[in-house]
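Asks: have a look at this fold, sequence not included:
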C-alpha cells in the first residue's frame with residue numbers, strides 16, 4: 001500500500017531563555033491588568049471628572065513607560081548576569097543528562113558518607129593504578145636481578161677461565 005503521511009517531528013521544548021521571556025511578558029500583562037484604567041481613574045477621581053481624555057492619556061503614558069522601564073531593567077539583569085548564555089548552558093547540560101543511565105549524585109546530608117561515596121571510587125581507581133605500576137616495577141626488578149645473576153655467573157666463568165689459563169701458562 002501507499003505510505004501514510006510522514007510522522008511530524010515533535011517540536012523541541014522551549015529553552016529556558018524563552019520560558020524566562022514568556023514569564024516576564026505574562027508578569028507585565030498581569031501587572032497592567034491589575035493596574036487597570038478603571039482603578040487608575042478611581043484613584044484620581046477628581047481629575048478624571050474634569051478631564052477624562054487627559055486622564056486616559058496620562059494612564060496610557062504611565063503604563064507604557066512602566067512596561068518599558070521594567071523590560072529595560074530585566075534586560076539589564078539578563079545582560080549583567082549573562083543569563084542568556086547560562087540558560088543555554090543549562091539547557092545543554094539537561095539535554096546531555098537525558099542520555100545518562102544512572103541518576104546524578106545527590107548529597108545524603110551526612111558529610112562523612114558523602115565524602116566516602118565521592119572518595120572511595122577515586123581511591124579504588126588510584127589503588128588499581130598503583131598495583132599496576134607495582135607489578136610493572138616488580139617485573140622490571142626481576143629482569144634486572146636476572147641480569148645481575150647472569151653477570152655474576154659470567155664473572156665466575158671468566159675468573160675460572162683466567163685461573164685455568166694462568167695454570168696452563170705456568
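Replies: That came through fine. No experiment lies behind these values; they were computed from the predicted model shown.

Asks: from here on, contacts and neighbour counts on C-alpha atoms
Replies: Fine.

Asks: what lies in contact with the helix or strand hosting residue 25?
Replies: Per DSSP states H and E: residue 25 is located in helix 16-34. Helix 16-34 has contacts (C-alpha atoms under 8 Å, 6 or more residues apart in numbering) with 63, 67, 83-84, 87-88, 91.

Asks: quick one: mean pLDDT for the very next helix or strand once past that helix?
Replies: Per DSSP H and E, the first helix or strand lying C-terminal to helix 16-34 is helix 37-43. The pLDDT scores in helix 37-43 average 89.

Asks: what's the neighbour count on residue 55?
Replies: Residue 55 sits with 19 neighbouring residues when counted by other C-alpha atoms under 10 Å.

Asks: before we move on, the earlier item: pull out the buried residues from the helix holding residue 25.
Replies: Neighbour-count burial for helix 16-34 flags 16-17, 20, 28 (criterion: 16 or more other C-alpha atoms under 10 Å).

Asks: swap in stretch 160-170?
Replies: Under the neighbour-count criterion of 16+ other C-alpha under 10 Å, stretch 160-170 has nothing buried.

Asks: same thing with stretch 61-73?
Replies: Quick answer for stretch 61-73 (16+ other C-alpha under 10 Å): 63, 67, 71.

Asks: got CSV for these, with distance to residue 98 too?
Replies: Shown next, in CSV, are the buried residues of stretch 61-73 (distance: C-alpha to C-alpha, whole Å):
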residue, distance to residue 98
63, 43
67, 38
71, 34
